[in-house]
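what follows is a predicted protein model with its sequence.
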Number of protein chains: 2
Amino acid sequence: MTVKLVVLYTQPDDAEAFDEHYLGTHMPMVHKVPGLQRAESGRLVTALDGGEHTYYRVAELYFADRQALDAGFGSDEGRATAKDYAKIAPPGSRMFVEVVDD
Amino acid sequence: MTVKLVVLYTQPDDAEAFDEHYLGTHMPMVHKVPGLQRAESGRLVTALDGGEHTYYRVAELYFADRQALDAGFGSDEGRATAKDYAKIAPPGSRMFVEVVDD
């Protein structure tokens, strides 16, 4: 039962500076979180529903199960990553746990 | 440059009935969309940020590029899928195009 940590980042004030930190510093920290199976991230470039361009980026971190996710973020590397997230995530950013369908 | 159609479904009135239609009817339609490379879906079970449980489900449909995505949803199968989406998506559901990071 794969689970994902899903992060929706709202629009940053300075997208270029955000991406520089995100790709150059934050994602390398994510990749050190124990138990991480896969990480995928990307930019939401279009709101196809014609609504507000609420979110700038999505990140999805795959773990074997919820226990592995919690253990990962309970580790030193996970805590450091969470601390960096708190520093960079624009107000209104969201973080969910997703249970992936079989 | 992989792109994804990312759908965030808000909470349905009847989660069980929603899932039955979603998994039994909607996803089989999605899998017939020409050019679809991969589809992943799941339930958002926890709002880790302590905020509102805004979204019930996420769907991510992978295509080779934006042109392939547009062609897929311009096809008969894609239009039928979009029509079914309009029927089932609870109000406030969102739909974005994501450009996946390399």
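Alright, I've got the coordinates.

show me where chain A has its strands.
A:3-10, A:38-47, A:55-63, A:94-100 (DSSP state E).

so what touches the shortest one?
Contact with strand A:94-100 is made by A:1-8, A:60, A:66, A:69, B:40-49, B:51, B:54-55, B:58, as judged by CB atoms under 8 Å, 6 or more residues apart in numbering or on different chains. Yep, even glycine has a C-beta here, placed from its N, CA and C like the rest.

and if you look at the longest one?
For strand A:38-47, the external contacting residues (CB under 8 Å, 6+ apart) are A:22, A:27, A:30-31, A:53-62, B:4, B:6, B:94-101.

phi first, then psi, for the residue lying farthest from the centre of chain A.
The centre of chain A is farthest from one residue, A:Gly50, which by CA atoms, centre = their mean lies 24.3 Å away. Main-chain torsions, A:Gly50, degrees, to the nearest 10: phi 80, psi 10.

show me the shaky parts of chain A.
For chain A, no stretch is flagged by pLDDT under 70.

how about the strands of chain A, which one is nearest B:Ala86?
strand A:38-47 (16.1 Å; CB to CB).

would you mark the buried spots in that closest one?
A:39-44, A:46 (16 or more other CB atoms under 10 Å in any protein chain shown).

circling back to that earlier point, give the buried subset of the contacts of strand A:38-47 as a ChimeraX selection command.
Typed into ChimeraX, the line below selects the buried ones among the contacts of strand A:38-47, using 16+ other CB under 10 Å:
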select /A:22,30,55,56,57,58,59,60,61,62 /B:4,6,94,95,96,97,98,99,100,101
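
contact partners for A:Ile88?
Counting by CB under 8 Å, 6+ apart, the residues that A:Ile88 touches are A:12, A:18, A:21-22, A:26.

residue numbers of chain A in contact with chain B?
A:4-6, A:23, A:40-49, A:51, A:54-55, A:58, A:93-101 (CB under 8 Å from any CB of the partner chain).
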